[in-house]
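[1] Okay, sequence plus prediction incoming.
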Amino acid sequence: MEQPNIFDYATSELSQDAFICYLLAFGKEKYKNDFPKEYILAHKFLGKCGINEKEEILAIKRQVHNIDVLIITTSYLLIIEDKIYTDEHDDQIIRYVKNLRANKEEYTIDKTIKVCYLKTTDYVRAYQSSDINILPKSDCCSLNRNDLMDLLEECRQCNIIYESFYNRLKMVNERANACKDNDIFDWNKEKWFAYLSSELKGRNFNIGWVNNARGGFYACWFDWKKCGKGEDYKQIEISFADDKTSKVKLCLKFSSENKEITRYSQSVIKDLQVKAVARKYEISNRVGRTTTYAYKTARDKKDVQDFINDVS
């Protein structure tokens, strides 16, 4: 019989923080014999974060120096930055690392700091520190919804809280799978995240929300190339109405570090526009630090795939 799911009501990041703390709490030595499956699962989570699964979990802290979850093991401090709908901003993880290193509390002494960037609802790419001198790439990992589902799969039936959280994540996946594959105007955002992640696998890309006066859209940026004093790249803009796709705009963009470089790059942009017109794009002249110099409106999935695969 289908049962009510607490995570249909506890949908905030604080609720997800609590679940992660609950899962990892079973990894303490005192639970090893009475809750062996939960104990093993907690240590497998450490393994996914690049920490030896045999590490002893000593303590679990929340909101220390604004860190969502801080796991203290024998040899490591594991920062878990937990996101659902939002993204990292203002170099917050770097600030957390600096604050821990500056802290003189006993639990910070002689421990390696690692970071797990966890995102369970929206798209998440591999986390890369903005300062590799502070946080080397080897000390960062990213986990998404499917990573967490894979972890819970083998143990979810032994614990109703695990089962409930797993079912909540499964429901998000089912939303994407329920969309008609060839009709992009039937797609919700979960379907777009799954599709773009698959189509652009192995390429440098990112997906994020762009707010504007018309209500905003999701954008997918990819295929950056050096061009003059700036960069040429592609952007897919996806707008929604009533949880369905309402418009898909395929944009060719020029970006620079500041507006002045863009302004002085008009001849470069004109050359790009001439080439775009020959490929059936419409001209756009929206100037800023980034400029949409040409675009198409997608009519179907093939238009999107052709745009992704275009190497001109």
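    Arrived safely. Treat the numbers as computed from the prediction; the structure is a model and nothing was measured.
[2] Could I get the full set of strands for the stretch 1-150 of the chain?
    57-64, 67-73, 76-83, 112-119, 140-144 (DSSP state E, counting those that start in this stretch).
[3] Looking at those, which is nearest to Gln235?
    strand 112-119 (20.9 Å; CB to CB). C-beta coordinates here come from the backbone N, C-alpha and C atoms, glycine included.
[4] could you check the angle strand 140-144 makes with the closest one?
    Strand 112-119 runs at 20 degrees relative to strand 140-144, counting by axes from the mean of the first three to the mean of the last three CA atoms, to 10 degrees.
[5] what helices or strands is strand 112-119 leaning on?
    With contacts defined as 3 or more CB pairs under 8 Å, 6 or more residues apart in numbering; DSSP states H and E, the packing partners of strand 112-119 are strand 76-83, helix 92-102, strand 140-144.
[6] need the strands of the stretch 1-150 of the chain in JSON lines with distance to Trp192, mean neighbour count and mean pLDDT, can you?
    Converted to JSON lines, the strands of the stretch 1-150 of the chain look like this (distance: least, CB to CB, whole Å; neighbours: other CB atoms under 10 Å; pLDDT from 0 to 100):
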{"stretch": "strand 57-64", "distance to Trp192": "32", "mean neighbour count": "16", "mean pLDDT": "93"}
{"stretch": "strand 67-73", "distance to Trp192": "26", "mean neighbour count": "22", "mean pLDDT": "95"}
{"stretch": "strand 76-83", "distance to Trp192": "18", "mean neighbour count": "22", "mean pLDDT": "92"}
{"stretch": "strand 112-119", "distance to Trp192": "15", "mean neighbour count": "22", "mean pLDDT": "92"}
{"stretch": "strand 140-144", "distance to Trp192": "15", "mean neighbour count": "19", "mean pLDDT": "89"}
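[7] Redo the ones you listed as JSON lines? Include distance to Ile93.
    Formatted as JSON lines, those follow (distance: least, CB to CB, whole Å):
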{"stretch": "strand 57-64", "distance to Ile93": "14"}
{"stretch": "strand 67-73", "distance to Ile93": "9"}
{"stretch": "strand 76-83", "distance to Ile93": "6"}
{"stretch": "strand 112-119", "distance to Ile93": "6"}
{"stretch": "strand 140-144", "distance to Ile93": "8"}
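[8] circling back: to Asp223, which of the helices and strands packed on strand 112-119 lies closest?
    Asp223 lies closest, by CB to CB, to one member of those: strand 140-144, at 21.5 Å.
[9] Low-confidence regions, this protein specifically.
    1, 85, 88, 104, 124-126, 258-263, 286-289 (pLDDT under 70).
[10] please redo it, this time with the cut-off set to 80
    1-2, 84-90, 103-109, 121-133, 257-264, 285-289, 311-312 (pLDDT under 80).
[11] Quick one: closest of the strands of the stretch 1-150 of the chain to Thr11.
    strand 76-83 (13.0 Å).
[12] neighbouring contacts of that closest one?
    Contacts of strand 76-83 with the rest of the structure, by CB atoms under 8 Å, 6 or more residues apart in numbering, involve 13, 16-17, 20, 46, 49, 51, 55, 67-72, 88, 92-93, 96-97, 100, 107-108, 111-120, 122, 124.
[13] List the residues that contact Arg101.
    Arg101 touches 108, 113, counting by CB under 8 Å, 6+ apart.
[14] For Ile283, which of the strands of the stretch 1-150 of the chain is the nearest?
    Of all those, strand 112-119 comes closest under CB to CB, at 36.6 Å.
[15] any residues touching the closest one, and which ones?
    Contacts of strand 112-119 (CB under 8 Å, 6+ apart): 20, 48-51, 75-84, 88, 93, 97, 100-101, 124, 127, 129, 135, 139-145, 148.
[16] Next, Leu196: secondary structure please.
    With DSSP: H, G, I helix; E, B strand; the rest coil as the basis, the three-state label of Leu196 is helix.
[17] a markdown table for the helices and strands packed on strand 112-119, including distance to Ile308?
    Output for the helices and strands packed on strand 112-119, formatted as a markdown table (distance: least, CB to CB, whole Å):
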| stretch | distance to Ile308 |
| --- | --- |
| strand 76-83 | 26 |
| helix 92-102 | 30 |
| strand 140-144 | 21 |
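[18] so what's the nearest residue to Phe205 once chain neighbours are set aside up against?
    Using CB to CB, 6 or more residues apart in numbering and skipping the chain neighbours, the partner closest in space to Phe205 is Phe222 (3.6 Å). Phe222 is in contact with 200, 203-206, 233-235, 308, counting by CB under 8 Å, 6+ apart.
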